[in-house]
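Participant: The following block contains a protein sequence and its predicted model.
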Amino acid sequence: MNHQQPTQDLRAYLAGSWNVERALLDRASGTRGTFTGVVRYSQNPDGGLHYREDGTMHWPTHSGPAFREYVLKPGTGPESMDVFFPDGRPFHVMSFSEQGHQDEHWCDPDDYRVNYTYAGPDAFSFTWDVQGPSKNLLLESHLIRIDAGRQP
């Protein structure tokens, strides 16, 4: 795995639209599902990014449109961003650096662990490993920049 950071400026790297494919696995039941869609990182005037994910979820008990939103704010350095829920609650730190590519979030009663992997100037992945008494999930997301290879 390549954990090197793609750039000294994570905000600039993320800005734009990405195709996302996510594999969903409930390890407790063996149930599998998918999510496919588009992630848009749009720049905020405060130096952060707005994250909006729209797509289609396929799960045995629910299939159809799905979305989520987050707010990313500048982190401790330009190579990281702090991710927040839309209501302002802190979520986790996003980074591709060797020291910062993993983080965790406690959502009582479950533990969420994330691992970011840089796959090149136009692709990256992140994996959520969720474990606890109410959840045992593995969520693997792969993102590819929509305008990859195009010159501005």
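Facilitator: That came in fine, so what should we check first?
Participant: ok, and the helix or strand in the protein with the lowest average confidence?
Facilitator: When the helices and strands of the chain are scored by mean pLDDT, DSSP states H and E, strand 102-107 comes last with a mean of 84.
Participant: Direction included, what does it pair up with?
Facilitator: Sheet pairing of strand 102-107 (DSSP bridges) gives strand 110-118 (antiparallel).
Participant: how about the strand it pairs with: buried residues?
Facilitator: Under the neighbour-count criterion of 16 or more other CB atoms under 10 Å, strand 110-118 has 112, 114-118 buried. Yep, even glycine has a C-beta here, placed from its N, CA and C like the rest.
Participant: Return the member of the residues you listed nearest to residue 21.
Facilitator: Using CB to CB, residue 117 comes nearest to residue 21 of those, at 14.4 Å.
Participant: any idea how far the closest one is from residue 26?
Facilitator: From residue 117 across to residue 26, the span is 22 Å (CB to CB, to the nearest Å).
Participant: cool, and residue 137?
Facilitator: Distance, residue 137 to residue 26, by CB to CB: 6 Å.
Participant: which residues in the protein form helices?
Facilitator: All helices of the chain, identified by DSSP state H, fall at 10-14.
Participant: Give me the residue at the spatial middle of the protein.
Facilitator: Computing the C-alpha centroid of the chain and ranking residues by CA atoms, centre = their mean puts residue 126 first, at 5.7 Å.
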